[in-house]
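Asker: Any chance you can model this:
(chains A, B and C)
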Amino acid sequence: MGSVQTTSSDIPMIELQRLNKWYGEFHVLRDIDLTVRKGERIVICGPSGSGKSTMIRCINHLEEHQAGDVIVNGITMTRDVKRVEQIRRHVGMVFQHFNLFPHLSVLDNCCLSPVWVKKTPRKKAVDTAMMYLERVKIADQAHKYPGQLSGGQQQRVAIARSLCMHPDVMLFDEPTSALDPEMIKEVLDVMIELAEEGMTMLCVTHEMGFARTVADRVIFMDEGQIIEENDPETFFNHPRSPRTRAFLGQILGH
Amino acid sequence: MLRPFDSLPRRGRGPLWRDPAARALVFQVLLLIGLASVIGLLVHNTLQNLDARGINTGFDFLDNRAGFSISQTLISYDGNSTYGRTFVIGLLNTLLVSALGIVAATIIGFTVGIARLSPNYLLAKLATVYVELFRNIPLLLQILFWYIAVIRSMPSPRQSLSLGDMVFLNGRGLFVPAPEPQTGFWFSVAALLAGSVAAMLMARHNRQRQSRTGRRLPMGWIIPALVLGLPVMVFLVSGSPLQWDVPALKGFNFSGGLTVLPELLALWIALSIYTAAFIAEIVRSGIQSVPKGQTEAARALSLPPRLTMNQVIIPQAMRVIIPQMTSQYLNLIKNSSLATAIGYPDLVAVFAGTTLNQVGQSVEIMAMTMAVYLVLSLLVSLLMNIYNARTALRER
Amino acid sequence: MATSFFRESLISPRKPPVSRQGLRGWLHENLFSGPVNSLVTLLVGALAIYALVPVIEWALIKAQWVGDSRADCSGDGACWVYIETRLGSLIYGFYPEAQRWRVDIVFVLFVVLGIWLMVPAVPGKKVAALVGLLVFPVVAFFLLSGGFGLEHVPTRRWGGLMLTLVIASVGIVGSLPLGIVLALGRRSSMPLVRGVCVVFIEFWRGVPLITVLFMASVMFPLFVPEDFNIDKLLRALVGIMLFWSAYMAEVVRSGLQAIPSGQGEAGAALGLGYWQRMGLVVLPQALKLVIPGIVNTFIALFKDTTLVLIIGLFDFLALIKAGTSDSSWLGFAIEGFVFAALVYWIFCFGMSRYSQFIERRLYRGH
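Answerer: Now for the predicted structure:
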């Protein structure tokens, strides 16, 4: 894996400002401040329960925050359904458990949203879907159903499905955690390729090799807050917080 | 040299009684002999008993004159009709109340089941109360309640409850206006057919149009306009060729219009309410069986809630719901036989009841009655198997 | 480009904003989160009040609770006197009054046994099950029917809630073992055994219980030698048992299917024979798994005991129904049915809650 060229600009894509969230009485996200610029690749890591998934799920309103602001592409998130849908069109998301629609073929999974939401002519939607399926090297399976594919193949379809909406930013919520080891690489390769093309990406992942190669910034979260944030070189070689050090020690096995 | 296995025979299968295949064979032969002798004994006893009581055998009685009257007949019937005809009348009455019950139970059940999932606490609780109340009270009790305590206790025809002087409800039943088609009404029927065909063609055209241009016609308006609007327009243009025979009070009872017997009404209400409680549970659990991740994925793809429901949740929930619903429909059909407790003339009441009492050929009559339900059950499970095979999710 | 950031001191958790807390937060979230939600709340609330107030008024506030004749009930409320005056017959049917203590003993035994079997904390479930299946039915039979110096009370004098419970208990105790045998048979490798079980199960599941009871009352006498007279109640009980055993078999079968085949194979590897394998390894696991399904079948069976009124047995509901045509108490049908509904509902709802409780316990256990 060679290092990926940084292509990020100054245009802010996502801004989280003093974001706070509670589950009942439990304070899950505490004063999160984060700006993601266009073209930037960010990897978020941290122990389980640290709020990293919750944070990226606030960006497309799968979780509702209670205080602070989420601004995507200049649009401030509110509870207004139309506005939420408008924001979601710019934000693709890949889930840990793929969440493909089992009753639709791979191709229909990819075409569903372009056809119904973007009103793309189906023929054109199919062409776009085939192009992206080609890119994730799974075009030959287009007419199969998700249940007939392996985990790695399903996750690649899920990535293609998100790309079909031409998002400006992609969120990855532990995309390789549910995969068998031999399938992790095929998914990471697709993600690296995507990064090379300049896609803005936010990845929650424990794949530190991926973080070293691809990330512009690595963020470490614990107890619902951002503890440390740095370029991968500094982050991995000179972590400042003892918590970061402990975490890296565990995950890298030294 | 050690030969540890010397004590066991080298080949062969050991003694016969230790061979599982031989044991299975013997056991099955014994079972067959046992079954055959029990059935033989029963048949022997039955024949002897029938002979001793002077009861005929065979199905000749079906051609004999029945000579009793039936309170609700969907096809022509009088005292001179045969027992074969009473069988058909009973069967039709069973099918009538079942069909009415299935429609009402489905509507109520879906409404209540979806209400149980409402974010509104009060509505969800109300739906839960409905389900827990009605499914935990015996159906027969509910039938008797509606029949004896509600409908038969209604005021006499003179004081009936009425709806706009068109529909009347009293202790003798429900009286509704009956449609009487005049000449020219068939144009409206033809328009309904034409509208439906046109709607289907439009739907196909719409798919093609979407494929080419990405735009959809507002089918939510077009389909009702074609299926309902067209016939209504034809109906009005052709001079409303339909008259209503409105029931009117004559003497002590209503005449004219359509009469829904109190027995039918009570049975229909009870069957619908009872079965709806079970259907509501099926609908709720079916929708909840779709993993949360599916909704999240649809939302992440910016599908609005209605589309998420129609394109993602419902197609998956239906696979769970439909087979269970069908078994509820079968239960409803079987439960409609409780009609006999309040005297609604269903198959069991007129055939296994009155006819059996008159003819006495219980073996033939019970066999025919049970066969009807068995055939219905087998038919439905056959259809269900086909459905399941066709909609099964394809997996590795 | 990369910003560097490091937090020296952690942010400690804070309380959520006020609107998310307590009663106000709850009301907002569940009842008034938007205009549609608020409208639904108001509509449903109004409907509930509109329907509930008269019912409560009728059943409790304006109701007549004490008295001993029809004349005591003149108000608008429910006449519970009507129920009180016939409570004895509703519970015991036509059982001779001097002998009712025998029924009471059976009731007490029944309750004790029920608690022993159903409360997880009480030890000795296997003993309880054996007592329930073998000892209790015999004791109860002699107490109710007579013998050993007790006066004989023929079954035609049995009735009311007592008869309902007798039918339900016999149905439950009889259909479960038969259902287990049928379920094993349906999964047997012997084609004839499998075929017989499939036909048997599908036959009973395909016909309504009413026709089974009709069969028991009109056809059963034809099956036996002429001078052989079998009690009407017993005939109905046999029909009910056969009918429900088919449903029970399907529930048990679903449990058997859920047990991995490795379990049976492991048993075979240990040298266990078929019955040992089933009885010691497979069935205990399978039955535990389907307790909720078994209880649900019990509930259905309990509700359907009411059908015996159609063939002329006087169970609890039959006596309530007979009361509606009692000429000295006309016009109290609603009270009768509401009371009956309440009794059946308590039994059925209690059982379904119990089944959910067991399900949760099982779920935790895995």
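
Asker: now the longest helix seen in chain A, how far from the centre of its chain.
Answerer: Taking DSSP state H as the criterion, chain A has its longest helix at helix A:181-196. With CA atoms, centre = their mean, to the nearest Å as the basis, helix A:181-196 stands 13 Å off its chain's centre.

Asker: Can I get that helix in CSV, CA atoms only?
Answerer: Provided in CSV are the C-alpha atoms of helix A:181-196 (Å, rounded to 0.1, in the frame of the first residue of the first chain):
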residue,chain,number,x,y,z
PRO,A,181,-9.9,-11.8,7.9
GLU,A,182,-9.5,-13.0,4.3
MET,A,183,-12.2,-10.6,3.1
ILE,A,184,-11.0,-7.5,4.9
LYS,A,185,-8.4,-6.7,2.2
GLU,A,186,-10.8,-6.7,-0.7
VAL,A,187,-12.9,-4.1,1.0
LEU,A,188,-9.9,-2.0,2.2
ASP,A,189,-8.6,-2.0,-1.4
VAL,A,190,-11.8,-0.5,-2.6
MET,A,191,-11.7,2.1,0.1
ILE,A,192,-8.1,3.0,-0.7
GLU,A,193,-9.0,3.4,-4.4
LEU,A,194,-11.9,5.7,-3.4
ALA,A,195,-9.5,7.8,-1.3
GLU,A,196,-7.1,8.0,-4.2
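
Asker: and that helix with chain C, contact?
Answerer: No. Shown here: helix A:181-196 not in contact with chain C (CB under 8 Å from any CB of the partner chain), separated by at least 14.8 Å. All C-beta atoms are positioned from the backbone trio N, CA, C, and that covers glycine.

Asker: Now do that helix: which elements does it pack against?
Answerer: Helices and strands touching helix A:181-196, by 3 or more CB pairs under 8 Å, 6 or more residues apart in numbering or on different chains; DSSP states H and E, are helix A:151-163, strand A:200-204, helix A:208-214.

Asker: now the angle between strand A:200-204 and it, please.
Answerer: 150 degrees (axes from the mean of the first three to the mean of the last three CA atoms, to 10 degrees).

Asker: Can you pull the residues of chain A lying near chain B?
Answerer: Contact residues, chain A versus chain B (CB under 8 Å from any CB): A:60-62, A:81, A:85-86, A:88-89, A:91-93, A:95, A:97, A:99-103, A:112-113, A:115-124, A:144-145, A:147-149, A:158, A:161-162, A:165.

Asker: Any of those buried? List them.
Answerer: A:60-62, A:85, A:88-89, A:91-93, A:95, A:97, A:99-103, A:112-113, A:115-117, A:120-122, A:124, A:144-145, A:148-149, A:158, A:161-162, A:165 (16 or more other CB atoms under 10 Å in any protein chain shown).

Asker: returning to that earlier point: select, out of the helices and strands packed on helix A:181-196, the one closest to residue B:234.
Answerer: helix A:151-163 (47.0 Å; CB to CB).

Asker: For whichever residue of the stretch 51-200 of chain C sits closest to chain A, which non-adjacent residue is spatially closest?
Answerer: In the stretch 51-200 of chain C, no residue comes nearer to chain A than residue C:187, which is 27.2 Å away by CB to the nearest CB. Excluding its sequence neighbours, the residue lying closest to residue C:187 (CB to CB, 6 or more residues apart in numbering or on different chains) is residue C:256, at 5.9 Å.

Asker: hang on, the earlier thing: mean confidence score for the longest helix of chain A?
Answerer: The predicted model assigns helix A:181-196 a mean pLDDT of 93.

Asker: got a list of contacts for that helix?
Answerer: Residues from elsewhere that reach helix A:181-196 (CB atoms under 8 Å, 6 or more residues apart in numbering or on different chains): A:1, A:4-5, A:41, A:135-137, A:150-153, A:155-156, A:159, A:163, A:170, A:172, A:175-176, A:179, A:201, A:203, A:207, A:209-210, A:213-214.

Asker: sorry, back to before: and the residue nearest to residue C:187, what pLDDT?
Answerer: 91.

Asker: Please, which helix or strand holds it?
Answerer: helix C:232-258 (DSSP states H and E).

Asker: Would you mind listing the buried residues in that helix?
Answerer: C:232-233, C:235-253, C:255-256.

Asker: can you check stretch C:73-91 too?
Answerer: Neighbour-count burial for stretch C:73-91 [16+ other CB under 10 Å]: C:73, C:77-83, C:85-86, C:89-91.

Asker: Kindly report the same for stretch B:145-159.
Answerer: So stretch B:145-159, judged by 16+ other CB under 10 Å, has buried residues B:145-152, B:154, B:157.

Asker: tally of neighbours for residue C:224?
Answerer: 16 (other CB atoms under 10 Å in any protein chain shown).

Asker: next one: residue C:45
Answerer: By other CB under 10 Å, 14 other residues sit near residue C:45.

Asker: Ramachandran angles for it?
Answerer: When read as degrees, to the nearest 10, the backbone of residue C:45 gives phi -60, psi -50.

Asker: Name the nearest residue to it, ignoring sequence neighbours.
Answerer: Residue C:45's closest residue in space is residue B:122 (CB to CB, 6+ apart), at 6.1 Å.
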